[in-house]
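Colleague: next comes the sequence, and after it the predicted model I'd like to discuss.
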Amino acid sequence: MNKKKSQKLYLGWDVGGAHTKLSVIKPNSSSFHIYRCHLWESLDLLSKLVNSVCSKYNKRFIIINVITMSGEMSDIFKSRDQGVKDILNIFKSRGDENYVFSSKKPFFFKPKAITNTKSVSSMNWLATAKFLETCVNNAIAVDIGSTTTDIIIIKNGVCKNMGYDDFSRLSRSELIYTGILRTPLFAVTNQVINSKHRFPVIPEYFSNMSDIYRIMSDIDSRKDYSNSCDHRGKTYMNSLVRFARSLGFDYQPQHERKLKNLAKEIKLIQKSFIMEKIIATMENNFLKKEKINLIGLGIGSFLVREICHKTKLAYKDFNTFYNGNANKLFLPSDIAPAYSISMLLKFKNEQN
């Protein structure tokens, strides 16, 4: 066998409904990627992506795919159960070595061994938790993505989350449907007040939170990977136009300062909402005297950092658990579940 072909390549896949995140772990290097892949449009998009990535590497490496997901809830599937099966079938159709992350020990299974898809469905948050169990003792990890926020509790080196599926996690505020790109403004607030004036927010998909953070210069344009609501450019000016439309008027240059102030208020509303959930989680799981870190993950990790600054909590970046080159567009914190499963399986195989 060719020497290079004898080397193993770990591909960690986190298949979401809107985006698929990929961790590529080579023997001596790594890379991290986020692909726009709208499952609700066609499952062929995921199939083409998987084939393209695997074909790129299969002549040089033994490919080991490791899969977690949340995209099974996409409305292209008749049920979550069918969604898990259809997503896994895309990987099974190839001749690569495939493993699925499950909530059941020993956590990694061949796809054909999965008899209960509930142990796989939307378990990407748990993949991150299992990785963090190997890194920290007491911490709350907050993964703020494009659409959702995951709160993960690690106490004495063990994940203490009470919820597992979406329903139970939502009811316990361990899963919050708010993110910094795709979340529509009206899901954050129905009005914003500035200088004693009330501005109702129209409940229509005219703009989303990416416009707010674009106006606030909080997101790197290279990481701004979601579509705009009107499918026009993701510029500062276009965001002002979309934001004004959500408030019921057409943008004019004299509105710029007002809109920037209103954007600041909406950001504060979302940040305060997330902060309240974090503080409640902390109070419910830790004593005041216990030292804990708040770990920031996802494209919205900057909000976690800001929350720590306001509350005087200790902030820890997820990327401190990565020893590779940090001068990359996307880092492990941007794709934590995909990175976590690729590293966990690699560690496990190297120990055997």
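Modeller: In hand now; what should we look at?
Colleague: now the helix or strand hosting residue 169: buried residues?
Modeller: Assigned by DSSP states H and E, residue 169 belongs to helix 166-171. By neighbour count on 16 or more other C-beta atoms under 10 Å, the buried set for helix 166-171 is 166, 169. All C-beta spots, glycine's among them, are computed from the backbone N, C-alpha and C.
Colleague: may I have the strands that pair with the helix or strand following it, each with its orientation?
Modeller: Scanning forward in sequence from helix 166-171 by DSSP H and E, the next helix or strand is strand 175-176. Sheet pairing of strand 175-176 (DSSP bridges) gives strand 149-155 (antiparallel).
Colleague: run the chain-centre distance for the strand it pairs with.
Modeller: 13 Å (C-alpha atoms, centre = their mean, to the nearest Å).
Colleague: next one: stretch 288-301
Modeller: The answer for stretch 288-301 is 16 Å, by C-alpha atoms, centre = their mean.
Colleague: now do stretch 178-192
Modeller: Mean-position distance between stretch 178-192 and its chain equals 17 Å (C-alpha atoms, centre = their mean).
Colleague: same question, stretch 192-200
Modeller: On C-alpha atoms, centre = their mean, the centre of stretch 192-200 falls 32 Å from that of its chain.
Colleague: now do the buried residues in that stretch.
Modeller: 192, 199.
Colleague: stretch 291-310 too?
Modeller: In stretch 291-310, counting by 16+ other C-beta under 10 Å, buried: 292-304, 306-308.
Colleague: end to end, how far does stretch 130-137 reach?
Modeller: Counting by C-alpha to C-alpha, to the nearest Å, you get 12 Å between the two ends of stretch 130-137.
Colleague: what residues does it touch?
Modeller: Outside stretch 130-137, the residues that touch it by C-beta atoms under 8 Å, 6 or more residues apart in numbering are 107, 139, 141, 152, 154, 156-159, 293, 295, 316, 321, 336, 339-341, 343-344, 347.
Colleague: I'd guessed residue 75 sits against residue 40; true?
Modeller: Yes. Shown here, residue 75 and residue 40 form a contact pair, counting by C-beta atoms under 8 Å, at 5.7 Å.
Colleague: of these two, which one has the most company?
Modeller: A direct count of neighbours by other C-beta atoms under 10 Å for residue 75 and residue 40 places residue 40 higher, at 13 against 9.
Colleague: secondary structure element for that one?
Modeller: With DSSP H and E as criterion, residue 40 is part of no helix or strand.
Colleague: show me what the host helix or strand of residue 284 is packed up against.
Modeller: Using DSSP H and E, residue 284 falls within helix 256-285. Counting contacts by 3 or more C-beta pairs under 8 Å, 6 or more residues apart in numbering; DSSP states H and E, helix 256-285 packs against strand 139-144, strand 149-155, strand 175-176, strand 191-194, helix 209-215, helix 236-246, helix 301-311.
Colleague: can you redo these as TSV with distance to residue 97?
Modeller: Below are the helices and strands packed on helix 256-285 laid out as TSV (distance: least, C-beta to C-beta, whole Å):
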stretch	distance to residue 97
strand 139-144	28
strand 149-155	28
strand 175-176	31
strand 191-194	51
helix 209-215	37
helix 236-246	44
helix 301-311	32
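Colleague: among the ones you listed, which comes closest to residue 280?
Modeller: strand 149-155 (9.5 Å; C-beta to C-beta).
Colleague: got a list of contacts for that closest one?
Modeller: Surrounding strand 149-155, the residues in contact under the criterion C-beta under 8 Å, 6+ apart are 125, 128-129, 132-133, 136-143, 159-161, 173-179, 274, 277-278, 281, 285-286, 298, 300.
Colleague: swap the cut-off to 7 Å and go again
Modeller: 125, 128-129, 132-133, 136, 138-143, 159-161, 173-176, 178-179, 274, 277-278, 281, 285 (C-beta atoms under 7 Å, 6 or more residues apart in numbering).
Colleague: ditto for stretch 74-94
Modeller: Outside of stretch 74-94, the residues within contact range by C-beta under 7 Å, 6+ apart are 15, 17, 39-40, 43, 46-47, 50, 54, 65, 67, 69, 71-73, 98, 100, 111, 117, 120-121.
Colleague: buried sites along that stretch?
Modeller: Buried residues in stretch 74-94 (16+ other C-beta under 10 Å): 74, 76-77, 80, 83-88, 90-91, 94.
Colleague: likewise for stretch 90-109?
Modeller: Buried, per 16+ other C-beta under 10 Å, within stretch 90-109: 90-91, 94, 96, 98-103, 107-109.
Colleague: of the residues you listed, closest to residue 248?
Modeller: Here the nearest of the buried residues of stretch 90-109 to residue 248, counting by C-beta to C-beta, is residue 90; it sits at 44.0 Å.
Colleague: which residue, other than its chain neighbours, is closest to that closest one?
Modeller: Counting by C-beta to C-beta, 6 or more residues apart in numbering, residue 47 is the residue found nearest to residue 90 once chain neighbours are left out, at 5.0 Å.
Colleague: secondary structure element for that neighbour?
Modeller: Assigned by DSSP H and E, residue 47 falls in helix 44-57.
Colleague: after that helix, which helix or strand is next?
Modeller: strand 62-69.
Colleague: who touches that next one?
Modeller: 5-15, 54, 57, 84, 87-88, 91, 96-101, 123-124, 127, 337, 341-342, 345.
Colleague: what lines up beside it in the sheet?
Modeller: Here, using DSSP bridges, strand 62-69 pairs with strand 8-15 (parallel), strand 97-101 (parallel).
Colleague: mean confidence for whichever helix or strand comes after it?
Modeller: Beyond strand 62-69 on the C-terminal side, the first helix or strand identified by DSSP H and E is helix 80-92. For helix 80-92, mean pLDDT rounds to 96.
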